[in-house]
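Visitor: just need the structure, nothing else, for what follows:
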Amino acid sequence: MKISTKGEYGLRAMIELALHYGQGYLQSADIAEARDIPENYLYQLLITLRKGGLIQSRRGPQGGHMLARTPDRITLSEVIMALEGPIEPTVCTQEGVIIDCPFRETCAMREVWEQVTEATQRILTDTTVADLVAREHEKAAAVAES
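Guide: Predicted coordinates for the structure are as follows:
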């Protein structure tokens, strides 16, 4: 699995929204500037995140975007799935996908890909947007001390 720019920028936006959680709506221009994301591209990502139920958006001068839930209740798995789709490294490990592979039952690699998928899913599910914010604060403090 490779996270595209879509996933990377989407996670950056989610971190910025988490930093301002509880302070009302944050405008996309502010998110774009703070996280170095092209505003037009960010707009598309915010639509996807809204459709995924991860953020709320409101139009108008007092509008903007905010997280739909507290940052500690939004997992990286949810964000990546909304932005990137399935996290499985190969089609043969995706649930509900019918595979015509003649080696499906005897493939030695399929089991490895399933293990990779399980490990990746576990890490992404166990990590929240709040965890990323905490890590960012720790790294910023370490840089400031040096």
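Visitor: so where do the strands sit in the chain?
Guide: Ranges of strands within the chain are 55-58, 64-67, based on DSSP state E.
Visitor: deepest of these, which one?
Guide: By mean neighbour count, with neighbours taken as mean count of other CB atoms under 10 Å, strand 64-67 ranks first of these at a mean of 21. From N, CA and C alone the C-beta is placed, and that goes for glycine too.
Visitor: report all helices and strands that that strand contacts.
Guide: helix 5-19, helix 28-35, strand 55-58 (3 or more CB pairs under 8 Å, 6 or more residues apart in numbering; DSSP states H and E).
Visitor: Ile31 is nearest to which of the strands of the chain?
Guide: Closest to Ile31 of the strands of the chain, according to CB to CB: strand 64-67, at 7.1 Å.
Visitor: for that closest one, what is the average pLDDT?
Guide: For strand 64-67, mean pLDDT is 98.
Visitor: now do stretch 82-102
Guide: In the prediction, stretch 82-102 has an average pLDDT of 76.
Visitor: buried set for it?
Guide: Using 16 or more other CB atoms under 10 Å as the test for burial, stretch 82-102 gives 82-84, 87-90, 92-93.
Visitor: could those be laid out in TSV, adding distance to Asn40?
Guide: Below are these laid out as TSV (distance: CB to CB, whole Å):
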residue	distance to Asn40
Ala82	19
Leu83	16
Glu84	20
Ile87	27
Glu88	30
Pro89	30
Thr90	33
Cys92	36
Thr93	34
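Visitor: ok, back up a step: turn the helices and strands packed on strand 64-67 into TSV, columns for distance to Thr48 and mean pLDDT.
Guide: Output for the helices and strands packed on strand 64-67, formatted as TSV (distance: least, CB to CB, whole Å; pLDDT from 0 to 100):
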stretch	distance to Thr48	mean pLDDT
helix 5-19	7	97
helix 28-35	13	97
strand 55-58	10	97
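Visitor: good, wrapping up.
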